[in-house]
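A.B. asks: sequence and predicted structure below; questions after.
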Number of protein chains: 2
Amino acid sequence: MKRSFVPAYYQVAEDLSREIEAGGLRPGDAIPSESQLCARYGISRMTVRQGLNLLGEADYIRSVPGKGSFVSAPRLDRIALEFGEGALGDGRRLEQELLGVDVVSADAEVAERLSLTEAAKVVQFRRLSLLGTKPVAFEQKYLPYAKGRPLVEQEIRYAAFPALVARSCETHLVKVRMTIYAGKASAEATAKLPLDDCGICMVLEQSVLDQDDRVLGWGKTYCSPEEYRLTAESDPFWNRM
Amino acid sequence: MKRSFVPAYYQVAEDLSREIEAGGLRPGDAIPSESQLCARYGISRMTVRQGLNLLGEADYIRSVPGKGSFVSAPRLDRIALEFGEGALGDGRRLEQELLGVDVVSADAEVAERLSLTEAAKVVQFRRLSLLGTKPVAFEQKYLPYAKGRPLVEQEIRYAAFPALVARSCETHLVKVRMTIYAGKASAEATAKLPLDDCGICMVLEQSVLDQDDRVLGWGKTYCSPEEYRLTAESDPFWNRM
DNA sequence: GAGTGGTCTAGACCACGCT
DNA sequence: GCGTGGTCTAGACCACTCA
């Protein structure tokens, strides 16, 4: 039963996924029962289940107790976005330039997003992303000011905002919520980025939350429309075996 | 060993994830070995492994053969976007209005994206998304024209583009690649959407691919900046148990 | 009642990392 | 050599579905 170098459970998963991809099994169809697969491959049920588990994780099938396992239609309206390295889609890399870190008073918008009172002290930091020498994104982020929470410049320069917030708050489990829309650049963004007359740019609004959805940090990134495009793909990491 | 109503493996996963969230186990730390967990819970190793598998899927831990299992730092630069229902973030729903389905000649851009020769026949369809009575997005999609591939109007009206393409091509396993950027609306989009003078809008460029990355369909959606914002979250579905 | 998937056991052998 | 995780077995009982 083990004539190949791949694990038996992997073989089961691969065979079935191939049959699904070839169209022999269509969404809604039942796949062979676990005991049938045991017999077909001459392996034990736990091993078959391990293979089916792979297919389940990859959204190829879903199991219904008492009935069987069925081929499922993959979700195409759910897509994974990657920031950082993969944001530009191609292989180009971004340089970071730190423009400044300041303690300032929160304006109305910042106060609201951070759930602070207006004019509360916040740490503001501003950063420019460069593609070679050309600025392509301007980032302006805020987090509540707290004494004895030093933010090392080197970290600010290179670290992504969520990681910075996590380190600053000494929580390591944070979530990120993002809103993406087209808009006009702020005055400072307009000054820093090569935009057209209208100041069209893509705005990424980012909130960093802890486990209980408390806001730990917030800010915007203004992206040059020509150079900074987001690319995303369905089935990016969970549909691969 | 089975004093509770929850499965034993689930108990293991929950206990460990709670310890990770509470900070008792930090990223990089080793979790107890499988045999230690067997002893602690009085359960067999396969059951422990089932629990650890859950934690692995959820990105809480990763296992290293011969060494142990270690708490991993969750990725915060990877975010899930949902279109369709969840696109607007709040509970509002979009209505679809079909503007037209035509067989036209591909212009240079369409031909390039669909890997066709210029002036090849393509099916163009145009659709408006309405929030109540207000238009918020204009969609213009193309797929290669082929005889004997009728596209039923009812389907076009309601179905998402990838599903349409899948049905039309009789392939059910398709992928979606998306590019998101800010830009100026096309003439027709400007006519259909309430935009400001500059015609700022968010453009969603969507390609539908088959398993071998052949392009089956392509098109753009112009989104009103005020009403149509994308929201996305890290750890949205895989970090939940 | 027969068949299905969900859970679980008490073992086993292996390749690997360490010391 | 010893402990680790990776794979696998040959059973078991349960809740569920369907005829």
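C.D. replies: Sure thing, it's come through.

A.B. asks: residue ranges in chain A under the pLDDT threshold?
C.D. replies: Applying pLDDT under 70 to chain A flags the ranges A:1-4, A:84-92, A:148-154, A:172-173, A:235-241.

A.B. asks: residues touching A:E118, list them.
C.D. replies: Counting by CB atoms under 8 Å, 6 or more residues apart in numbering or on different chains, A:E118 makes contact with A:105-108, A:111. Glycine gets a C-beta too; all of them are placed from N, C-alpha and C.

A.B. asks: quick check: it vs A:Y145, distance?
C.D. replies: Going from A:E118 to A:Y145 by CB to CB, to the nearest Å gives 14 Å.

A.B. asks: just A:L204 next, same as before
C.D. replies: A:L204 sits 23 Å away from A:Y145, going by CB to CB.

A.B. asks: neighbour-wise, which of the two wins?
C.D. replies: A:L204 (24 against 16; other CB atoms under 10 Å in any protein chain shown).

A.B. asks: spatially nearest residue to the more buried one (excluding sequence neighbours)?
C.D. replies: A:T221 (4.3 Å; CB to CB, 6 or more residues apart in numbering or on different chains).

A.B. asks: what do you get for A:R229?
C.D. replies: Using CB to CB, 6+ apart, the nearest residue to A:R229 is B:Y181, at 4.2 Å.

A.B. asks: now for that neighbour: which residues touch it?
C.D. replies: A:202, A:223, A:225, A:228-230, B:202-203, B:205.

A.B. asks: mind listing the helices for chain A?
C.D. replies: Ranges of helices in chain A, per DSSP state H, are A:8-22, A:34-41, A:45-57, A:108-114, A:153-158, A:161-169, A:187-192.

A.B. asks: what does chain A have sitting close to DNA strand D?
C.D. replies: Residues of chain A that fall close to DNA strand D, judged by CB under 7 Å from any atom of the strand: A:1-2, A:7-10, A:42-47, A:50, A:64-67.

A.B. asks: do that again at 10 Å, thanks
C.D. replies: Contact residues, chain A versus DNA strand D (CB under 10 Å from any atom of the strand): A:1-2, A:4-12, A:34, A:38, A:41-51, A:54, A:64-68.

A.B. asks: any quick ChimeraX command for the buried ones out of those?
C.D. replies: To isolate the buried ones among those in ChimeraX, judged by 16 or more other CB atoms under 10 Å in any protein chain shown, type:
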select /A:8,9,11,12,34,38,41,43,47,48,49,50,51,54
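
A.B. asks: what about whatever residue of chain A ends up closest to chain B, how many neighbours?
C.D. replies: In chain A, no residue comes nearer to chain B than A:C198, which is 3.5 Å away by CB to the nearest CB. A:C198 has 14 neighbours, counted by other CB under 10 Å.

A.B. asks: how about A:A120?
C.D. replies: Using other CB under 10 Å, A:A120 has 14 neighbouring residues.

A.B. asks: equivalent analysis for A:T190, please.
C.D. replies: Using other CB under 10 Å, A:T190 has 15 neighbouring residues.

A.B. asks: in this structure it contacts A:I200, no?
C.D. replies: No. Counting by CB atoms under 8 Å, A:T190 stays clear of A:I200, with 10.6 Å between them.

A.B. asks: picking up where we left off before, the residue of chain A closest to chain B against B:A185, yeah?
C.D. replies: No. Contact criterion CB under 8 Å: A:C198 and B:A185 do not qualify, at 11.7 Å.

A.B. asks: please enumerate the shared neighbours of the two.
C.D. replies: Common neighbours of A:C198 and B:A185 (CB under 8 Å, 6+ apart) are B:I200.

A.B. asks: around DNA strand C, pick out the residues from chain A.
C.D. replies: A:30-39, A:44-46, A:48-49, A:52-53, A:56, A:61-70.

A.B. asks: rerun that using 6 Å as the cut-off
C.D. replies: Contact residues (CB under 6 Å from any atom of the strand) of chain A with DNA strand C: A:33-36, A:46, A:49, A:63, A:65-66, A:68-69.

A.B. asks: all the strands of chain A, in order from the start?
C.D. replies: Ranges of strands within chain A are A:61-64, A:68-71, A:78-82, A:95-105, A:121-131, A:134-144, A:175-184, A:200-209, A:215-223, A:230-233, based on DSSP state E.

A.B. asks: contacts only, for A:A159.
C.D. replies: Counted by CB under 8 Å, 6+ apart, A:A159 has contacts A:R167.

A.B. asks: so it versus A:A80, what's the distance?
C.D. replies: From A:A159 across to A:A80, the span is 22 Å (CB to CB).

A.B. asks: repeat that for A:D15.
C.D. replies: A:D15 is 27 Å from A:A80, where distance means CB to CB.

A.B. asks: do the same with A:R127
C.D. replies: From A:R127 to A:A80 the distance is 24 Å (CB to CB).

A.B. asks: the two: who's more crowded?
C.D. replies: Higher neighbour count among A:R127 and A:A80: A:R127, with 21 against 17, using other CB under 10 Å.

A.B. asks: what's the burial count for the residue nearest to the more buried one when sequence neighbours are not counted?
C.D. replies: Closest residue to A:R127 apart from its sequence neighbours, by CB to CB, 6+ apart: A:E139 at 4.4 Å. A:E139: 21 surrounding residues under other CB under 10 Å.

A.B. asks: would you confirm that A:E139 contacts A:Q124?
C.D. replies: No. Applying CB under 8 Å as the test, A:E139 and A:Q124 come out as separate, 10.9 Å apart.

A.B. asks: contact partners for the closest residue to A:A137 other than its chain neighbours?
C.D. replies: Distance criterion CB to CB, 6+ apart; nearest residue to A:A137, sequence neighbours excluded, is A:S129 at 3.9 Å. Counting by CB under 8 Å, 6+ apart, A:S129 touches A:94-97, A:135-139, A:228.

A.B. asks: repeat for A:E205
C.D. replies: Residues in contact with A:E205 (CB under 8 Å, 6+ apart) are A:178-181, A:218-220.

A.B. asks: now do A:S105
C.D. replies: A:118-122.

A.B. asks: partner residues bridging it?
C.D. replies: A:K121 (DSSP bridges).

A.B. asks: wait, A:A73 sits on A:L25?
C.D. replies: No. The pair A:A73 / A:L25 is not scored as a contact, 11.9 Å apart, by CB under 8 Å.

A.B. asks: more neighbours, the two?
C.D. replies: Set side by side, A:A73 and A:L25 show more neighbours around A:L25, with 20 against 13, by other CB under 10 Å.

A.B. asks: in stretch A:119-134, what counts as buried?
C.D. replies: Applying 16+ other CB under 10 Å to stretch A:119-134 flags A:122-129, A:131 as buried.

A.B. asks: neighbour-wise, give me the winner out of the contacts of B:Y181.
C.D. replies: Tallying neighbours with other CB under 10 Å puts A:C223 at the head of the contacts of B:Y181, with 28 neighbours.

A.B. asks: how about stretch A:26-40: buried residues?
C.D. replies: Within stretch A:26-40, the residues scored as buried using 16+ other CB under 10 Å are A:31-32, A:34, A:37-38.

A.B. asks: try stretch A:94-105
C.D. replies: Buried-residue list, stretch A:94-105, by 16+ other CB under 10 Å: A:L94.

A.B. asks: and what of stretch A:174-184?
C.D. replies: Quick answer for stretch A:174-184 (16+ other CB under 10 Å): A:174-178, A:180-184.
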